[in-house]
Every structure is written in structure tokens, then in C-alpha cells.
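Colleague: Okay, predicted coordinates and the sequence, questions at the end:
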Number of protein chains: 2
Amino acid sequence: MITTNALSPKEQREVFRNNLDTKSTSGMCDGFVQANLVILPKEYAFDFLLFAHRNPKPCALVDVMEAGVVKPNIADADIRTDLQKYNIYKDGKFVEEVNDITSYWRDDFVTFLIGCSFTFERALNEAGIEMLHQKMDKTVSMYVTNIECDPAGVFHGPTVVSMRPVRKELLVKSVEVTAKYPHTHGTPLHIGDPSVIGITDITKPDFGDFVPYDEDKYEPVFWACGVTPQAVALKSKPSIMISHVPGHMFISDQKEIL
Amino acid sequence: MITTNALSPKEQREVFRNNLDTKSTSGMCDGFVQANLVILPKEYAFDFLLFAHRNPKPCALVDVMEAGVVKPNIADADIRTDLQKYNIYKDGKFVEEVNDITSYWRDDFVTFLIGCSFTFERALNEAGIEMLHQKMDKTVSMYVTNIECDPAGVFHGPTVVSMRPVRKELLVKSVEVTAKYPHTHGTPLHIGDPSVIGITDITKPDFGDFVPYDEDKYEPVFWACGVTPQAVALKSKPSIMISHVPGHMFISDQKEIL
């Protein structure tokens, strides 16, 4: 495996294009915006764009590419080859994981790039709010909540949140810091008691790993998560949908503004 | 003609539904959001929504209604009857002005309600920035600029701005006040010398009336204008498009937040 922290986004994407790397993009190309990927046929595109417009916290758009366009506006890249790996779904069901979607590509495919939490995690770290899951080398804990998204056309479903334990004396700061990043989920949806948002067992996340914390010192803080639009899209069983493999984001040429 | 300032939005819309009033909605139902109207067939809806997403200053969405839906989310109303008057365009050309679009209505019509400047004009007035055009009982001056909108699909074209003369000592305040209203065009696009944004003769607006001012005391301030999306949409010659008649907005039940 190639060590990649020193690579530019363009170099890093070339590594992916040649299928020479397989680890999570977390920590890669520090300082550049990374994004979740959702590709849908044009017949679903208006409803999905409206869903994103109505639900900006879980689904903050960093780029939208018109039907058939393979070059993002935010990177000198080819969306068909320049991610590490992709998930293919048909009729709402997972079909296969691939390194390249050129053979699947169609002229009516519309690409949505959705803000991910890497940017605000960097900002939180810099503000002295330690990311426990990074320290423990775990995936952030994610939960399906009882907070319904605002539906749009065929798309509806609950908000998925990511949880980060925050030291009690830093709770206000965690809101202040993430308020500056409306394009990566913005302020938290909830602080504290998980049952308020329908989470019955904090030790059993629906996605990712549970990150244990000392309840005397920490409170769980919940932010809207970029997994939401994927979960919602799949629920409507589109004939075909393509996404990134969780943790393996699209790396753009756009600088994070911290 | 009925004097309507004291009516609630619902009562005012009923007056419109019964075609009992014909004057501009400016100043009506003070404190409630008014909106520009654009109705397009669904085949154009994704491109138009993407255009709005990419150009939030001229095209700030206050509501979007899925295909066939006649009740806005922001009002207990029927979009087909509850405006005073509508313009019908076919293939980019004006066809007729009507009081009711029920006979034109189709199940594939998508409705966009776009922020208008009435809200921020109230805020400017309250901040001590007098609206000269209101004092003179004129329509605000509007100009086509050399500032191209960010194109989306079939939609592209220049930004239309509205101009308000602002006393020189209040220029910074005019930016500060309108910064609070991203849903009604936000901060100005330009202050001062009109030629910088491609306006060759300030006394000859492309739409509305010229509002004369004392150049020693005032500077012209230019904000993105809700006429932009209509102008851009017409340029692409959609098979059919319906809009409000300029100055005769949709009055919602949503309170302005000043």
C-alpha cells in the first residue's frame, strides 16, 4: 500500500484510478473538501435535488453535475474512475462493489456530491474538541433516529445521525464551531439523552462502531449524517443508484475554509 | 377597489380569487412573505431547481411544489386562483394575462416561489434607509447587467438587478441589513459606478421606472432581482411557462422574520 498523506488531490485520485490503494480517505489530502457520492438516473433527479434543498443538514450539496456530465465542477476529475470504490444498487438492493463505474455509466446519470463530516471534524479537533473515534481508530457511530426528513417527491425517511462524545465543558463550543460549516451538516441536531431522538441503545449503532466514553465527563452530541440521503434514496427503490463505499469519499480540488 | 391593508393573507387571497382588486401587492399584508412565481413543466424542473441552487441571490427559493401540487407549503392557498393576475408564455413568448390559471393547469406543472425584495425593503426602511421609489410611488429601477448567472442545464443568462439610491453615510448599513435576508436576495451585488456591472445609462432602466437622486448625497446600490429567473427561463423558450404579473406577487401565510 502506498502512503498517501503527502499527495495532492489530483495525485491521490490517480492512485484510486489505478486501483493502488484501498484504505479509508479519512485524513487523506488534509485541507481539501471530501464528499459523499450519489448517482441517480435523471427521472429521480428533480425529487432528489428538492429533497436535498429541503434537508440541508443531512444533505448539504457541494456539487451537482447535470445528466451525463462526468467532470465535477469542484475537481479536475472523472467521477466514473476517480473514487476508490463504488457500491451499485438496483431496485434498492446492493448488487456489487466495483472500482470503476465506466461500464455502468449512462448519459442520463445525474451526480450529487454531498458534504461529509471530515471538514468539521478537523475544525473541532483544532478547537480542542478531541474526536474519540479517531483516537481509537474506529468508524464514527451512526444511528437511525425518529427525526423524519422533510419528504420530496418519492423520497422520504428518517434522519441518520453521527455521534461524537464531547467533554461537558466543551458542548457549547461544539455547536459554535460546527455552526460555521453549513455545507458539512452545520450545528448538531441534538445534545445529550439519546432517547429524545429515538435511540434506544447508544452502545448499538446502526452503522459504524460504538465509541465508548466516560458518562461523567462526556455527553453524546448528534449531527445529521451524509448517510441519510443514501438511506432515503434506497428506500424508494430506484432502478439503479451508485454511491461511494462508506468511508471512501470523493476527494475534490476545493480547499476547506476553516 | 377594496382597501386591503388590514386584511390577513388568507382574506387578501380571497379578494384576488374573486378578482376584486388590481393594484400592486406592495405594502399589502405587511409582515408576511411575498414571492415571485414561476411554473414550468416537470421536464424543465430539475434544471430550474439546479439553476436556483447555483444562483441563490437572484433566485432564492421560498417554496417548491412537486408536480401537480396546487397547495403551497407556505400558505393555505390554491396557486391556480390566489394571485391577482398571471402571465402565460409559450415557447418563450408572452401569450396573455389571466386572472386564473385553472384552465391551463397540468399535472406535470412544478411551481417555484422565489423570494422578492419586499421583505428587505421593509427592513431597510426600519433601519432608516428610505426607499426613494416608494416615496415617489414608482416601481423600483431594474437593469440587465454583465454579470452572468451560473448556468444549469438549459438555463443561462445575465443577472437582472434592482437599484435603490442609498445615502452615502448609510452604504455600509445597507449591506449589513440585507445580509440578514439571504432568502430575499441578501447583500448587494454592487455599490456605486453602474458601468462596472455593464449598465451604460442609469436613467434608462430595462424594467420599472427611473428613480432620480442627488448624486452628491446618494450612491446607487444594486441587488440581485427576482426578475432574473423569469428572464433566464424565457430565454430557453420552454413550451409553456406561467409567472405572476410583475408587482403582483403571491402573498404567503409565512411571517417575515425581521
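Modeller: Okay, I see it.

Colleague: Only C-alpha atoms from now on, for both contacts and neighbour counts.
Modeller: OK.

Colleague: any idea what sits nearest residue A:61, other than its immediate chain neighbours?
Modeller: Nearest-residue entry for residue A:61: residue A:114, 4.6 Å, with adjacent residues in sequence omitted and distances by C-alpha to C-alpha, 6 or more residues apart in numbering or on different chains.

Colleague: ok, what's across the strand from that neighbour?
Modeller: On the basis of DSSP bridges, residue A:114 is bridged to residue A:36, residue A:61.

Colleague: quick one: it and residue A:59 touch, right?
Modeller: Yes: between residue A:114 and residue A:59 there is a contact under C-alpha atoms under 8 Å: 6.0 Å.

Colleague: so what's the residue nearest to residue A:61 up against?
Modeller: With contacts defined as C-alpha atoms under 8 Å, 6 or more residues apart in numbering or on different chains, residue A:114 is in contact with A:35-38, A:59-63, A:226.

Colleague: same question, residue A:191
Modeller: Taking C-alpha under 8 Å, 6+ apart, one finds A:219-222 in contact with residue A:191.

Colleague: Between which two of the contacts of residue A:114 is the distance greatest?
Modeller: A:63 and A:226 (13.9 Å; C-alpha to C-alpha).

Colleague: These two - which one has more neighbours?
Modeller: Shown here are residue A:63 and residue A:226; by other C-alpha atoms under 10 Å in any protein chain shown, residue A:226 has more neighbours (26 against 18).

Colleague: Not counting residues beside it along the chain, what's closest to the more buried one?
Modeller: residue A:58 is the one closest to residue A:226 (C-alpha to C-alpha, 6+ apart), at 5.3 Å.

Colleague: what's the spacing between that neighbour and residue B:126?
Modeller: 36 Å (C-alpha to C-alpha, to the nearest Å).

Colleague: Comparing the two, which residue is more hemmed in?
Modeller: Remark: of residue A:58 and residue B:126, residue A:58 carries more neighbours, 27 against 12, as counted by other C-alpha under 10 Å.

Colleague: and the more buried one, that's in a helix?
Modeller: No: counting by DSSP: H, G, I helix; E, B strand; the rest coil, residue A:58 is not part of a helix but coil.

Colleague: And it, what's its pLDDT?
Modeller: Looking at residue A:58, its pLDDT is 93.

Colleague: Could you tell me whether residue A:230 really is in a helix?
Modeller: Yes: assigned with three-state DSSP, residue A:230 falls within a helix.

Colleague: right, and it touches residue A:36 too?
Modeller: No: applying C-alpha under 8 Å as the test, residue A:230 and residue A:36 come out as separate, 9.1 Å apart.

Colleague: and chain A, which residues reach chain B?
Modeller: A:45-47, A:49-50, A:53, A:64, A:66, A:152-153 (C-alpha under 8 Å from any C-alpha of the partner chain).

Colleague: Try it again at 6 Å.
Modeller: Neighbours of chain B within chain A, by C-alpha under 6 Å from any C-alpha of the partner chain: residue A:46.

Colleague: Output the below-cut-off pLDDT ranges for chain A.
Modeller: Within chain A, the ranges that satisfy pLDDT under 70 run A:1-5, A:258.

Colleague: Need the three-state assignment for the residue in it sticking out farthest from the centre.
Modeller: Within chain A, the residue lying farthest from the chain centre (C-alpha atoms, centre = their mean) is residue A:216, at 30.0 Å. The local conformation at residue A:216, judged by three-state DSSP, is coil.

Colleague: Ramachandran angles for it?
Modeller: Here is the backbone geometry of residue A:216 (degrees, to the nearest 10): phi -70, psi -30.

Colleague: Check residue A:64 too.
Modeller: Per-residue torsions, residue A:64: phi -130, psi 130 (degrees, to the nearest 10).

Colleague: Does the closest residue to it other than its chain neighbours lie in a helix or a strand, and which?
Modeller: Nearest residue to residue A:64 in three dimensions, chain neighbours excluded: residue A:112, at 4.7 Å (C-alpha to C-alpha, 6+ apart). With secondary structure defined by DSSP states H and E, residue A:112 is part of strand A:109-115.

Colleague: Which positions in that strand come out as buried?
Modeller: In terms of neighbour count (16 or more other C-alpha atoms under 10 Å in any protein chain shown), strand A:109-115 has its buried residues at A:109-115.

Colleague: which residues of chain A fall in helices?
Modeller: For chain A, the helices defined by DSSP state H cover A:9-17, A:45-54, A:118-126, A:132-135, A:171-179, A:227-235.

Colleague: How about residue A:16: what's its closest non-neighbour residue?
Modeller: residue A:84 (4.8 Å).

Colleague: distance of whichever residue of chain A sits closest to chain B from residue A:154?
Modeller: Nearest residue of chain A to chain B: residue A:46, at 4.4 Å (C-alpha to the nearest C-alpha). Distance of residue A:46 to residue A:154, computed by C-alpha to C-alpha: 10 Å.

Colleague: More neighbours: those two, which one.
Modeller: The residue with more neighbours, out of residue A:46 and residue A:154, is residue A:46; 23 against 15, by other C-alpha under 10 Å.

Colleague: Settle this for me: that one is touching residue B:46, isn't it.
Modeller: Yes: when contacts are counted by C-alpha atoms under 6 Å, residue A:46 is listed as touching residue B:46 (4.4 Å).

Colleague: Next up, the contacts around residue A:78.
Modeller: With contact taken as C-alpha atoms under 6 Å, 6 or more residues apart in numbering or on different chains, residue A:78 is in contact with A:70-71.

Colleague: now residue A:179
Modeller: With contact set as C-alpha under 6 Å, 6+ apart, residue A:179 has these partners: A:186-187.

Colleague: So residue A:110 is in contact with residue A:40, correct?
Modeller: Yes: when contacts are counted by C-alpha under 6 Å, residue A:110 is listed as touching residue A:40 (5.5 Å).

Colleague: Now the common contact residues for those two.
Modeller: Counting by C-alpha under 6 Å, 6+ apart, residue A:110 and residue A:40 have no shared contacts at all.

Colleague: looking at it, the residue nearest to residue A:64 is touching residue A:62, isn't it?
Modeller: No: the pair residue A:112 / residue A:62 is not scored as a contact, 8.0 Å apart, by C-alpha under 6 Å.

Colleague: What is the burial count for the spatially closest residue to residue A:47 that is not a sequence neighbour?
Modeller: Excluding its sequence neighbours, the residue lying closest to residue A:47 (C-alpha to C-alpha, 6+ apart) is residue A:153, at 5.0 Å. Applying the criterion other C-alpha under 10 Å, we find 15 residues in the vicinity of residue A:153.

Colleague: Against residue A:48, how distant is residue A:153?
Modeller: Applying C-alpha to C-alpha, the value for residue A:153 to residue A:48 is 8 Å.

Colleague: go on, residue A:141?
Modeller: Residue A:141 sits 26 Å away from residue A:48, going by C-alpha to C-alpha.

Colleague: Show me which of these two is the more surrounded one.
Modeller: Shown here are residue A:141 and residue A:48; by other C-alpha under 10 Å, residue A:48 has more neighbours (26 against 23).

Colleague: hmm, which two among the contacts of residue A:191 are most spread apart?
Modeller: The distance between the two most remote of those (C-alpha to C-alpha) is 9.8 Å, for A:219 and A:222.

Colleague: and for the two, which residues touch both?
Modeller: By C-alpha under 6 Å, 6+ apart, residue A:219 and residue A:222 have no common neighbours.

Colleague: Fine, thanks again, bye for now.
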